[in-house]
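Chemist: Just the structure for this:
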Amino acid sequence: MFDESDLPRKKVDLSAELAREDLDHLSIAELDARIAALEAELARTRAKRSGAAAFRNAADALFRKG
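Modeler: Residues are numbered from 1 along each chain as shown. A predicted model of the protein is given here:
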């Protein structure tokens, strides 16, 4: 037989899941907390992207010279 852990995992579309969440039951404080969490995640993602872009630029520069 086979082990199911060896199978590829289905990629989850987190942004689609967030968009489907019902926000009607959340209080103003809960909405504020959600906004803060999303803004923190945006900042983390932007920082990772900046680091990846810098790494890519350094690699491109290295291989252009060689």
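Chemist: which element is the most centrally placed residue in the chain on?
Modeler: For the chain, the residue nearest the mean C-alpha position is residue 45 (5.9 Å; CA atoms, centre = their mean). Element membership for residue 45 (DSSP states H and E) is helix 28-65.
Chemist: pLDDT on that helix, on average?
Modeler: The average pLDDT for helix 28-65 rounds to 95.
Chemist: Over to stretch 3-15?
Modeler: On average, the pLDDT along stretch 3-15 is 81.
Chemist: Could you pull out the buried residues of that stretch?
Modeler: Residues of stretch 3-15 include none that count as buried (16 or more other CB atoms under 10 Å). Yep, even glycine has a C-beta here, placed from its N, CA and C like the rest.
Chemist: Adjust the sequence numbering to begin at 611 for everything that follows.
Modeler: Got it, the first residue is 611 from now on, which makes the last one we talked about stretch 613-625.
Chemist: Can you give the distance from that stretch to the centre of its chain?
Modeler: 16 Å (CA atoms, centre = their mean, to the nearest Å).
Chemist: What is the end-to-end distance of that stretch?
Modeler: One end of stretch 613-625 to the other measures 30 Å (CA to CA, to the nearest Å).
Chemist: ok, now stretch 613-628?
Modeler: Start and end residues of stretch 613-628 are separated by 31 Å (CA to CA).
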